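K.L.:
Below are the sequence and a predicted model for it; my questions follow.
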Amino acid sequence: VRFFITTAIDYVNGRPHLGHAYEKVLADALARYQRSLGREVYFLTGVDEHGQKVAQSARRLGRAAAEFCDEMTGYFLEAWRTLGISYDAFVRTTSAKHKLYVRWALQKLHEKGDITFKEHEGYYSVRQEQFVTEKDMVDGKWPEIFGEVIRTSEPNYFFNLERYRGKWMEILKADEGWIVPAFRRNELLNALEHPLDDLCISRPRSRLEWGIPLPFDENYVTYVWFDALLNYASFADEAGGINRWPADLQVIGKDILIPAHGVYWPLMLLALDLPLPRRLIVHGWWQVRGQKMSKSTGTAVNPMELAQKYGADAFRYYLLREMSTGHDADFSVEGFHQRYTSDLGNDLGNLLQRTVSMTHRYLNGSVPTGGVDSTLEEQAEAAFRELCSAMEVYETHRALEGVWKFVRFCNRYLEDKAPWKMAKDAALSSLLEEVLRSVLKACVRISVLIEPFMPVTALEMRRQLGVLTVVSLLNWEELPAPVKVSDAVPLFPRLDFDFSE
Ligand code: ME8
Ligand code: MG
């Protein structure tokens, strides 16, 4: 079974922030979950380098756009390496193969007669890289999200969206699960209710150099959204020339559903006679004290700093546990600290540490093979089932909640059985062995369950447990119980948190 997953590609006008990091971590957890089940995954992410916004940022710094993009893209690559994002291919829209693909697509639409040349006057939001109309005003003003809105008037090339609207609506109406969460469906259907204006897909080169020239008029470059959306198909090619498009799952944030991914993209695909993506998941926003994170208000959180100070896996856990997929969430260092000390330190870290330590103390590090406690096995089974059912609908918070129920159950089990008391009575030695064997095996199971979310921690757990064979959700039924453990090292040591951020 194959699984092709994509994320939005980030503008490189600034460095990666917490919102970018969340989206890539979410997609990564979904990709790793699929791989753990033995599916053949193709995970695509990358950066969006063209357009007015990036060109402006470069110009302000007195830098050439290409060289500015190289540097900024480096920060994204570094961030994703730090966070363990296991992408299979990384998109750069400045790459030759992408440019060729965009030009092919434009040529095809031009030949079909879906593109016309005409004079147009209108408003343009540079921050969103999109045309806006007076209908988008709220109380006579442009909403904050548009940033600076400028007036433009020039002849340009336009793509006839309206031609494909009816067909797309029909498909969307028939496919209830296309968009997740379901409450976004009506928003999108409403946006498709009325006739659509033509989409301006060009910018005169005299005004904007930084883009892909139109194949049928080199005096113009391609509108950045038309260019960027095509990344999903231009980078879907495998070695050997097979194109994997359509994606099974596309992951985006709520601000780029309408019009980009809910209107433009499906209509472009229909016009190009290409299949539609199978599903779209729309995540919410990370906010700080109820406000969308933004650089201008000084509330952009730097994910690199957090990952470096407190550990990439702890940070991944916080993101995936704290946000209910599809909804907004509030970031705070206090909230992160709470999760770190309680869920990670006291629950998971403590469970592994005491289990491995007791195995050393009471059994010299070795446990003879034998049976394990059935109640722990039943609880493990419940966590496994809950994880799978949650991950099939992309609810990482619920998957982790299920795993932590099991982690806490194991800690209570140790309290109840009190191996430290059994160790004092030689008659209880085989019972002591069974208790430790059971919890050790539970720890192996936990390491497999957390692997999509915390891959480094999962491996470190197995190192301490002395399990070096390849284990995954795929061999859940026959996971080994450790027989010889390695040295115990705290997974999540106490750290000083900096609450001033
Ligand atoms: O929109 N919380 O790029 P981008 C959660 N280049 N997600 C957030 C967020 C926040 N505070 N802020 C941004 C673009 N995002 C285009 C995409 S795709 C063909 C082109 C998410 O850098 C946002 O919703 O502004 C989007 O999915 C992604 O980060 C990139 O945003
Ligand atoms: Mg944005």
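P.N.:
Alright, I've got the coordinates. Ligands and ions are numbered 1, 2, ... in the order given.
K.L.:
Partner strands of the lowest-mean-pLDDT helix or strand in the chain, with direction?
P.N.:
Ranking every helix and strand in the chain by mean pLDDT, DSSP states H and E puts strand 291-292 at the bottom, with a mean of 84. Strand 291-292 pairs in its sheet with strand 286-288 (antiparallel), by DSSP bridges.
K.L.:
any idea of the mean pLDDT for the partner strand?
P.N.:
Per-residue pLDDT over strand 286-288 has a mean of 94.
K.L.:
Which element is encountered next along the chain beyond the helix or strand residue 447 falls within?
P.N.:
Using DSSP states H and E, residue 447 maps to helix 429-450. Per DSSP H and E, the first helix or strand lying C-terminal to helix 429-450 is helix 455-465.
K.L.:
So for residue 185, what's the nearest residue that isn't a sequence neighbour?
P.N.:
Excluding the flanking residues, the one nearest residue 185 by C-beta to C-beta, 6 or more residues apart in numbering is residue 179, at 5.2 Å. Heads up, the C-betas are built off the backbone N, CA and C, glycines and all.
K.L.:
Residue of the protein closest to ligand 1, please.
P.N.:
When distances are taken as C-beta to the nearest ligand atom, the chain reaches nearest to ligand 1 at residue 253, 1.8 Å away.
K.L.:
residues contacting that residue?
P.N.:
8, 19, 23, 282-285 (C-beta atoms under 8 Å, 6 or more residues apart in numbering).
K.L.:
pLDDT value on it, please?
P.N.:
So, for residue 253, pLDDT stands at 98.
K.L.:
helix/strand/coil for the residue located most distally from the centre of the chain?
P.N.:
For the chain, the largest distance from the centre (C-alpha atoms, centre = their mean) belongs to residue 427, which lies 52.7 Å off. When classified by DSSP: H, G, I helix; E, B strand; the rest coil, residue 427 comes out as helix.
K.L.:
near ligand 1, which residues of the stretch 151-300 of the chain show up?
P.N.:
Selection of the stretch 151-300 of the chain residues close to ligand 1 by C-beta under 6 Å from any ligand atom yields 228-229, 231, 252-253, 255-256, 285-286, 292-293.
K.L.:
Select from these every entry located in helices.
P.N.:
228-229, 231 (DSSP state H).
K.L.:
shaky segments in the protein?
P.N.:
Where the chain drops to pLDDT under 70, the residues are 239, 295-296, 501.
K.L.:
for ligand 1, what are the nearby residues on it?
P.N.:
For the chain, the residues in contact with ligand 1 (C-beta under 6 Å from any ligand atom) are 8-11, 19-20, 22-23, 48, 228-229, 231, 252-253, 255-256, 285-286, 292-293.
K.L.:
at 5 Å instead, please
P.N.:
Counting by C-beta under 5 Å from any ligand atom, the residues of the chain lying close to ligand 1 are 8-11, 19-20, 48, 228-229, 252-253, 255-256, 285-286, 293.
K.L.:
which of those are buried?
P.N.:
The neighbour-count test (16 or more other C-beta atoms under 10 Å) marks 8-11, 19-20, 48, 228-229, 252-253, 256, 285-286, 293 as buried among those.
K.L.:
And the residues you listed, which is closest to residue 54?
P.N.:
Among those, residue 11 lies closest to residue 54 (C-beta to C-beta), at 6.2 Å.
K.L.:
how close does the residue lying closest to the closest one once chain neighbours are set aside sit to residue 319?
P.N.:
Leaving aside its chain neighbours, residue 11 sits nearest to residue 48 (5.2 Å; criterion: C-beta to C-beta, 6+ apart). Residue 48 is 22 Å from residue 319, where distance means C-beta to C-beta, to the nearest Å.
K.L.:
same thing with residue 216?
P.N.:
For residue 216 relative to residue 319 (C-beta to C-beta), the value is 44 Å.
K.L.:
And for residue 433?
P.N.:
Taken as C-beta to C-beta, the span from residue 433 to residue 319 is 39 Å.
K.L.:
With residue 9 instead?
P.N.:
Taking C-beta to C-beta as the measure, residue 9 falls 19 Å from residue 319.
K.L.:
And residue 419, by the same measure?
P.N.:
Separation of residue 419 from residue 319 (C-beta to C-beta): 35 Å.
K.L.:
higher neighbour count, those two?
P.N.:
Taking other C-beta atoms under 10 Å, residue 419 and residue 319 do not tie; residue 319 has more neighbours (28 against 22).
K.L.:
who's in contact with the more buried one?
P.N.:
18, 21-22, 25-26.
K.L.:
and with 6 Å instead?
P.N.:
Contact partners of residue 319, counting by C-beta atoms under 6 Å, 6 or more residues apart in numbering, are 22, 25.
K.L.:
Would it be right to say that it lies in a helix?
P.N.:
Yes: under three-state DSSP, residue 319 falls within a helix.
K.L.:
what comes up buried for stretch 145-159?
P.N.:
146, 149, 156-159.
K.L.:
and if you look at stretch 52-61?
P.N.:
52-58.
K.L.:
ranges for the strands of the stretch 301-450 of the chain?
P.N.:
329-330 (DSSP state E, counting those that start in this stretch).
K.L.:
want to throw the buried residues of stretch 52-61 into CSV with secondary structure?
P.N.:
Output for these, formatted as CSV (three-state DSSP):
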residue, secondary structure
52, helix
53, helix
54, helix
55, helix
56, helix
57, helix
58, helix
